[in-house]
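**Q** sequence first, then the predicted structure, then my questions.
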Amino acid sequence: MPVSPSADSSPPGGEPPAEPSERPASACGAARHGPTDVLLRPPPPAVSPPRPVGALRMWPRSFADRLTSPLPGVRALARLAREGAMRPVSSALAEEIPKLPFAPGPMPDVGPDTVAVTWAGHASWVVRIGGLTVLTDPVWSRKILGTPARVTPVGVAWQDLPTVDAVVISHNHYDHLDAPTLRRLPRDTPLFVPAGLGGWCRKRGFTTVTELDWWEGAELPSPAGQAGGGRVRFDFVPAHHWSKRSLTDTCRSLWGGWVLTDRHKQRVYFAGDTGYGHWFGEIGRRYPGIDLALLPIGAYDPRWMLRPVHTDPEEAVRACQDLGARRMAPMHWSTFLLSQEPPLEPLTRVRAAWRKAELPREDLWDLPVGASRVLEPAHP
């Protein structure tokens, strides 16, 4: 019989994440947290020992107890039907889609101590960290089930990708877990997925599938022959969202984001899909010194329905501050039009919110689809 995750989890142990030394203060966090706040906050819990990569585990039948907001009911769906489809008005589509930023370029050549990101579109990133190439929620399909076709091409041609060393999945919604894209990968590619999603991956032939609960982590070494890369830690962290892929599997698997940490404590946080809430502050407390937060800014209108599960641009900036992240890269917009806001509105609003928060302009990495940015090595 399935058992609760706690029955299969090691007790908390190990050392808490070390505060990075000789690094700039957090740009996002500086506006919301001062020295007094730090002194009053209790120390973070110790990180869990790394879980074995690829281990088979048992999970509860449902994760509905992890929801932070009730799922929409019949009344909400009826209201949505009365108010019309979740699609921008046609005039906005005609005017703004041609203006969506798309600027693919060559991917940077990086070493094992350099962190670089390339936005392929939506929530799909190519993250280079610790000598590894990691894909987040890879969706290279032009169209996904129940969704209009993408309005910008994929920012990185599949044949131009470096060897993919790992994939992280935030949850099982079709715009984040795309079976046709995963079929392009060798079946021994390590997949890091939420609790309860391992069976879906193994049924499709993947042999190295690591399922994690919130606040658990696993480690992966740099590829053989990659000098100096060390190991990258993959930590699964909470999100304000849910999961569903069919009529009968609501909340049968977990949902969340990922914190990737290299041997120098350089950190990239990938939020996946999430609403705004208390988890951001807790993630920042447990994983201090986040260098870059990949945060969603689109698919937020109408707010009465989507607020619990999708951050709007202003909430994304607040989340960056709560995390204490040094930089923010917006995502989850400009690719699949999933809601009513005009296509360009997320970019306009996130830039305005960043200015209002008086954060350094250079720390907002509002990339076009296909563009890349590089974090300089913290330790030359």
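**A** Done, it's in. It should be emphasised that the depicted structure is a prediction, and the values quoted were computed from it without experimental measurement. Numbering: from 1, shown residues only.

**Q** A103 and H122: what is the separation?
**A** Remark: distance between A103 and H122 (C-beta to C-beta, to the nearest Å) = 16 Å. Bear in mind the C-beta positions are built from the backbone N, C-alpha and C, glycine included.

**Q** higher neighbour count, those two?
**A** Neighbour totals were compared for A103 and H122, and H122 leads with 29 against 12 (other C-beta atoms under 10 Å).

**Q** give me every residue that touches the more buried one.
**A** For H122, the contacting residues are D137, V139, R150, D175, M331, H332, T335, F336, taking C-beta atoms under 8 Å, 6 or more residues apart in numbering as the criterion.

**Q** same question, N172
**A** When the contact criterion is C-beta under 8 Å, 6+ apart, the partners of N172 are P194, L197, W200, S243, K244, R245, D249, S253, W255.

**Q** would you map the helices across this structure?
**A** Listed in chain order, the helices found in the chain under DSSP state H are 27-30, 35-40, 74-83, 90-96, 179-182, 198-203, 279-286, 303-306, 313-323, 345-356.

**Q** W158 reaches W140, doesn't it?
**A** Yes. Under the criterion of C-beta atoms under 8 Å, W158 makes contact with W140 at 5.7 Å.

**Q** overlap in contacts of these two?
**A** With C-beta under 8 Å, 6+ apart, W158 and W140 have common neighbours R184.

**Q** neighbours around R267, how many?
**A** Close neighbours of R267, defined as other C-beta under 10 Å, add up to 26.

**Q** partners of it in the sheet?
**A** R267 has these beta-bridge partners by DSSP bridges: T261.

**Q** list the contacts of it.
**A** V259, L260, T261, Y287, G289, I290, D291, L292.

**Q** what about these, which are in strands?
**A** Secondary structure from DSSP state E places V259, L260, T261, L292 of those in strands.

**Q** can you give me the strands in the stretch 51-200 of the chain?
**A** Using DSSP state E, counting those that start in this stretch, the strands assigned to the stretch 51-200 of the chain run over residues 115-121, 124-129, 132-136, 166-168, 191-194.

**Q** which of the helices and strands in the protein ranks last by mean pLDDT?
**A** Taking mean pLDDT, DSSP states H and E as the measure, the helices and strands of the chain show their lowest mean at helix 35-40, namely a mean of 55.

**Q** my read: R285 touches R41, true?
**A** Yes. A contact is recorded between R285 and R41 when judged using C-beta under 8 Å, the distance being 6.7 Å.

**Q** who's more crowded, these two?
**A** Of the pair R285 and R41, R285 is the one with more neighbours under other C-beta under 10 Å, namely 19 against 11.

**Q** quick check: the more buried one vs P70, distance?
**A** In this structure, R285 and P70 are 27 Å apart, going by C-beta to C-beta.

**Q** need the contacts of H122 in CSV (columns: neighbour count, pLDDT and distance to P342).
**A** As requested, those are exported to CSV (neighbours: other C-beta atoms under 10 Å; pLDDT from 0 to 100; distance: C-beta to C-beta, whole Å):
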residue, neighbour count, pLDDT, distance to P342
D137, 26, 99, 24
V139, 26, 98, 22
R150, 21, 96, 17
D175, 22, 97, 19
M331, 30, 98, 18
H332, 28, 98, 15
T335, 26, 97, 15
F336, 23, 96, 15
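
**Q** look up how far Y300 lies from P313.
**A** Noted for P313: a distance of 8 Å to Y300, by C-beta to C-beta.

**Q** which residues do those two both contact?
**A** Joint contacts of P313 and Y300 (C-beta under 8 Å, 6+ apart) are P346.

**Q** which one of the two has more residues nearby?
**A** Just comparing P313 and Y300: by other C-beta under 10 Å the higher neighbour count belongs to Y300, 28 against 25.

**Q** local confidence estimate at the residue lying closest to that one once chain neighbours are set aside?
**A** What sits nearest to Y300 in space, not counting adjacent residues and going by C-beta to C-beta, 6 or more residues apart in numbering, is D312, at 4.0 Å. D312 is assigned 98 on the pLDDT scale.

**Q** OK, contacts around D312?
**A** Contact partners of D312, counting by C-beta under 8 Å, 6+ apart, are I297, Y300, D301, R303, P346, R349.

**Q** of the residues you listed, buried ones?
**A** Taking 16 or more other C-beta atoms under 10 Å as the criterion, what is buried in the contacts of D312 is I297, Y300, D301, P346, R349.

**Q** what pLDDT does the first one get?
**A** In this case it means I297. According to the predicted model, the pLDDT of I297 comes to 98.

**Q** low-confidence stretches in the stretch 151-300 of the chain?
**A** Across the stretch 151-300 of the chain, the stretches falling below the confidence threshold (pLDDT under 70) are 224-229.

**Q** quick check: most distant residue from the centroid of the protein.
**A** Residue farthest from the centre of the chain, counting by C-alpha atoms, centre = their mean, is R82 at 32.5 Å.

**Q** how much space between that residue and E96?
**A** If you go by C-beta to C-beta, the gap between R82 and E96 works out to 26 Å.

**Q** same check on W59?
**A** According to C-beta to C-beta, W59 stands 43 Å off from E96.

**Q** the more surrounded of those two?
**A** W59 (22 against 17).

**Q** isn't that one up against G199?
**A** No. The pair W59 / G199 is not scored as a contact, 9.5 Å apart, by C-beta under 8 Å.

**Q** circling back: only the buried subset of the ones in strands among the contacts of R267, as a PyMOL command please.
**A** In PyMOL, selecting the buried portion of the ones in strands among the contacts of R267, with burial taken from 16+ other C-beta under 10 Å, looks like this:
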select buried, resi 259+260+261+292
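
**Q** mind giving me JSON lines with the helices of the chain and columns for distance to R373?
**A** Converted to JSON lines, the helices of the chain look like this (distance: least, C-beta to C-beta, whole Å):
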{"stretch": "helix 27-30", "distance to R373": "14"}
{"stretch": "helix 35-40", "distance to R373": "29"}
{"stretch": "helix 74-83", "distance to R373": "37"}
{"stretch": "helix 90-96", "distance to R373": "24"}
{"stretch": "helix 179-182", "distance to R373": "23"}
{"stretch": "helix 198-203", "distance to R373": "30"}
{"stretch": "helix 279-286", "distance to R373": "21"}
{"stretch": "helix 303-306", "distance to R373": "28"}
{"stretch": "helix 313-323", "distance to R373": "15"}
{"stretch": "helix 345-356", "distance to R373": "16"}
